[in-house]
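Asker: Just to be clear, the model below is a prediction. Sequence and coordinates:
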Amino acid sequence: MILLMAALLAIPQNFLLLEREARQVDNQETWSKISNSLRRPLLLNPCERKRTPADGRIAARQVDMSSSAPSWYGEQLVVYPDSRQAAAAVRRVRADLKRCAVFKVPKSKRAESYPAFRYKAAEVRVGDDAVLVRSEAYVRDVKSWTGWEHYVLARRGSAVMVYQLSDAAVNSEAQGRRQVVRWARAMAGKACGLALPELPQGPC
């Protein structure tokens, strides 16, 4: 049944909020990537899990944007057959935010510069269930926590959405926080219109 639903569902082109921009920006200073893979972990992945759990997802799209600043921001929409499975996916990330509140990066080239990341979560009113997350990296050269990223992970019915924004992409942290919340609220409303043959009323 899941394979049948996946075959029937097609997220329309440019349905995601950042998608139209992503299809136009590639040049020497900015880059973008759009993926429909069902295997990519959620963008908010504090324990940096490499494998996506067999969580029943039937459709997904992810937009990644970056620039030479360097700055980056991203968007991900994942649709499940029902709200129960979507809620379970959100619970797993919430558990990881506690388990990996301070995540030590395994020994690697990356760990030589950024040996750890830390995450702080707060509730936010978006859709049926949502969390606003602030992350920081520990920079070995300066021996301090620096930089930040903001995420919103939200669920609306059987749709899960994630937004990510780095510090260099905006003028202030407050602006970054407002932006990811604004994006998530917009998609929480829009996702309800994504009707499926098996879910004619949409994810909501």
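Answerer: Received, thanks.

Asker: Any buried residues in stretch 45-54, and which?
Answerer: For stretch 45-54, the buried set under the neighbour-count rule, 16 or more other CB atoms under 10 Å, comprises 45-46, 52. The way it works is simple: take the backbone N, C-alpha and C, and place the C-beta from them, glycine included.

Asker: Go through those residues and say which is closest to residue 130.
Answerer: residue 46 (15.9 Å; CB to CB).

Asker: need the contact list for the closest one.
Answerer: Counting by CB atoms under 8 Å, 6 or more residues apart in numbering, residue 46 touches 93, 96-97, 99-101, 103, 117, 119, 133, 135.

Asker: and with 10 Å instead?
Answerer: The contact partners of residue 46, by CB atoms under 10 Å, 6 or more residues apart in numbering, come to 93-103, 117-119, 121, 133, 135, 151.

Asker: Find the nearest non-adjacent residue to it, please.
Answerer: residue 100 (4.3 Å; CB to CB, 6 or more residues apart in numbering).

Asker: and the one you found, how many residues sit next to it?
Answerer: Using other CB atoms under 10 Å, residue 100 has 17 other residues around it.

Asker: Residue numbering should commence at 14 henceforth.
Answerer: Got it, first residue is 14 now, which makes that one residue 113.

Asker: Give me the packing partners of the lengthiest strand in the chain, helices and strands only.
Answerer: If you go by DSSP state E, the chain has its longest strand at strand 157-169. Secondary-structure packing of strand 157-169 (3 or more CB pairs under 10 Å, 6 or more residues apart in numbering; DSSP states H and E): strand 84-92, helix 96-112, strand 129-136, strand 142-152, strand 172-179, helix 186-203.

Asker: Deepest-packed of those, please.
Answerer: Each of the helices and strands packed on strand 157-169 was scored by mean neighbour count; the highest is strand 172-179, a mean of 25, by mean count of other CB atoms under 10 Å.

Asker: What is the distance between stretch 134-150 and the centre of its chain?
Answerer: 11 Å (CA atoms, centre = their mean, to the nearest Å).

Asker: residues in contact with the closest residue to residue 61 other than its chain neighbours?
Answerer: Using CB to CB, 6+ apart and skipping residues adjacent in sequence, the residue nearest residue 61 is residue 116, 6.6 Å away. Residue 116 makes contacts with 58-61, 109, 128-132, 148, 151, as judged by CB under 10 Å, 6+ apart.

Asker: rerun at 8 Å
Answerer: 59-61, 129-132.

Asker: Make JSON lines from the helices and strands packed on strand 157-169 and add mean pLDDT and distance to residue 77 to it.
Answerer: Written out in JSON lines, the entries for the helices and strands packed on strand 157-169 read as follows (pLDDT from 0 to 100; distance: least, CB to CB, whole Å):
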{"stretch": "strand 84-92", "mean pLDDT": "92", "distance to residue 77": "5"}
{"stretch": "helix 96-112", "mean pLDDT": "97", "distance to residue 77": "18"}
{"stretch": "strand 129-136", "mean pLDDT": "96", "distance to residue 77": "18"}
{"stretch": "strand 142-152", "mean pLDDT": "95", "distance to residue 77": "16"}
{"stretch": "strand 172-179", "mean pLDDT": "95", "distance to residue 77": "9"}
{"stretch": "helix 186-203", "mean pLDDT": "94", "distance to residue 77": "14"}
